[in-house]
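Peer 1: got a sequence here, can you model it:
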Amino acid sequence: MSQQEEIEHSYWITPQPLYRKLDDEFHFDFDPCPFPKKNDGLTLEWGKMNYVNPPFRKKDGSPTAFARKAIEEQQKGKSSVIVLPTQSYVNLLLSAGAECRSLGRVRWLSTIDGSEMKAPSNITLFYLRGKAQ
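Peer 2: Alright, predicted model coming up:
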């Protein structure tokens, strides 16, 4: 594999039918993560409605960096659609209508001695409301 082919296989772009479907709904005017990379989407001003398919290699700017930038742009009145990989159980819950919220880094307690977990993970709460019968 040539170096150019290796570079091209390191990035994954959105399939056009999916992008068109999302664009029809949200009407994007800016993509801070184009391929090939034309600019640094983390330092530019974004548009009013942004499509964000962030790179997943730290040297290109991590999904976390792009999420932070989207939040910064949100404070300026701008909107973003961010596409990220998720575990299948998360998509199952969301498809079922689950509401979610961040619980932050929960320091779970040991069942042995009650000590706190030293390196907690971020935890999301999912709430499935019962359906009326």
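Peer 1: and the residue nearest the centre of the chain, what element?
Peer 2: By CA atoms, centre = their mean, the mean C-alpha position of the chain lies nearest to Leu84, the distance being 3.8 Å. Taking DSSP states H and E as the definition, Leu84 sits outside all helices and strands.
Peer 1: I'd say it and Phe56 touch.
Peer 2: No. If you go by CB atoms under 8 Å, Leu84 and Phe56 don't touch, sitting 9.0 Å apart. For the C-beta atoms, the positions are set from N, CA and C on the backbone; glycine is no exception.
Peer 1: so what sits against both of the two?
Peer 2: Pro63 (CB atoms under 8 Å, 6 or more residues apart in numbering).
Peer 1: can you read off the pLDDT for the residue lying farthest from the centre of the chain?
Peer 2: Here the chain reaches farthest from its C-alpha mean at Asp113, the gap being 36.4 Å by CA atoms, centre = their mean. Looking at Asp113, its pLDDT stands at 96.
Peer 1: residues touching it, list them.
Peer 2: No residues are in contact with Asp113 under the rule CB under 8 Å, 6+ apart.
Peer 1: what helix or strand does it sit in?
Peer 2: Per DSSP H and E, there is no helix or strand for Asp113.
Peer 1: ditto for Tyr51
Peer 2: Counting by DSSP H and E, Tyr51 is part of strand 49-52.
Peer 1: which positions within that strand qualify as buried?
Peer 2: 50-52 (16 or more other CB atoms under 10 Å).
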